[in-house]
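J.: next come a sequence and a model predicted from it.
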Amino acid sequence: MTKVFIDGQSGTTGLRIRERLSEREDIKLLVIDEDKRKDNGEIKRLINESDITFLCLPDSAAIEAAAMLDSSNKKTKIIDASTAHRTNPLWAYGFPELSEDFRNKIVNGRLIANPGCYASGFNSIVFPLIRHGVIGESHPVTCFAVSGYSGAGKSGIEQYEQADRDAELDSPRQYALSQNHKHLKEMVAVSGLKYPPIFSPMICDYKCGMVVSIPLFCNMLNKKCSMRDVREILSEHYAGSDFVKVRPLGYTENMIGSNNFAGRDDMEIEVNGNDERIVITSRFDNLGKGASGAAIQCMNLLMGADEKKSLVLGN
């Protein structure tokens, strides 16, 4: 039986991981006493007693917790849900569908950095576009995205769910106006881009779900590609994947909803537009494939278990 410790079990991601794993017959959850949640000695003991530890913490706390791994400990594996280690070359990046290299580093690794939600959607599109030569590393990429408010964390959720909240919260709100969003570093590092994209995310008045979109001018691509060509390149890249599905052209006729994947752990990519201007979208649950679902998928790979175990996938 695999011993699992969740450091930060009361946060949004930690709670969802704990709920999903609580009924697993192949896992024993190591639970810290409520009065010892900030006791570093107890946290260190549980980390080193575990086979797998999830870090669902702010960046600084995740760095501190990862350093608690004893140098003599050769068994414990860590999956960090924070931003802290996503661009650290010593940590595997937890998006196995991107390539066999990403998958192998997870399977054979001990330190796994769980991807950010926006970065997951971004990299699901831009990584294969660069890998297959559709765009170059210096391509001027623009990304716009819509997310449910659960991505704002505990305080953001409380703000949106207050009965007497500000009326502005009824509307979509664009943020990261300084172009310094915390996911930008991993977007660049993982995708292969040389320069950060223009990134315009919005948070909206619904709880879960996300759509990340990349627009392209066909006359600026590295090679001559129609909309159908781009779709075929993405489809071939993700062929056989249970977690990332590339839909046929014309799959959505009018509107792409951003909350349709709430409660799911997979992702779908669509290519829309025409042979002059293309918009590629990645749709998923920001708390699923964008957080706890991705973390559990990585845990299953580390355990040698069914990759889909405890996860909810669509057709």
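T.: Arrived safely.
J.: next up, the contacts around the nearest residue to Gly116 once chain neighbours are set aside.
T.: Nearest non-adjacent residue to Gly116, counting by C-beta to C-beta, 6 or more residues apart in numbering: His183, 4.2 Å away. C-betas here are computed from N, CA, C, even on glycine. Applying C-beta atoms under 8 Å, 6 or more residues apart in numbering to His183 gives the contacts 83, 116-119, 122, 199.
J.: 10 Å - rerun?
T.: His183 makes contact with 83, 86, 115-123, 143, 145, 176, 199, 201 under the criterion C-beta atoms under 10 Å, 6 or more residues apart in numbering.
J.: in this structure Leu301 contacts Pro96, no?
T.: Yes. Using C-beta atoms under 10 Å, Leu301 makes contact with Pro96 at a distance of 6.5 Å.
J.: what is in contact with these two at once?
T.: The contact sets of Leu301 and Pro96 overlap at 103-104, 106-107, 307 (C-beta under 10 Å, 6+ apart).
J.: mark which of those residues are buried, thanks.
T.: Among these, the ones that count as buried by 16 or more other C-beta atoms under 10 Å are 103, 106, 307.
J.: what residues sit buried inside stretch 258-275?
T.: Applying 16+ other C-beta under 10 Å to stretch 258-275 flags 258-259, 261-262, 264-272 as buried.
J.: possible to save those as JSON lines with pLDDT and distance to Val212?
T.: Converted to JSON lines, the buried residues of stretch 258-275 look like this (pLDDT from 0 to 100; distance: C-beta to C-beta, whole Å):
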{"residue": "Ser258", "pLDDT": "96", "distance to Val212": "10"}
{"residue": "Asn259", "pLDDT": "96", "distance to Val212": "14"}
{"residue": "Phe261", "pLDDT": "96", "distance to Val212": "12"}
{"residue": "Ala262", "pLDDT": "95", "distance to Val212": "15"}
{"residue": "Arg264", "pLDDT": "96", "distance to Val212": "15"}
{"residue": "Asp265", "pLDDT": "97", "distance to Val212": "16"}
{"residue": "Asp266", "pLDDT": "97", "distance to Val212": "15"}
{"residue": "Met267", "pLDDT": "98", "distance to Val212": "10"}
{"residue": "Glu268", "pLDDT": "98", "distance to Val212": "12"}
{"residue": "Ile269", "pLDDT": "98", "distance to Val212": "10"}
{"residue": "Glu270", "pLDDT": "98", "distance to Val212": "11"}
{"residue": "Val271", "pLDDT": "98", "distance to Val212": "14"}
{"residue": "Asn272", "pLDDT": "98", "distance to Val212": "14"}
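J.: can you name the two of these that sit furthest apart?
T.: Using C-beta to C-beta, the buried residues of stretch 258-275 reach their maximum pairwise distance at Asp265 and Asn272, which is 24.0 Å.
J.: what ranges do the helices span in the stretch 201-315 of the chain?
T.: For the stretch 201-315 of the chain, helices defined by DSSP state H, counting those that start in this stretch occupy the ranges 227-237, 293-303.
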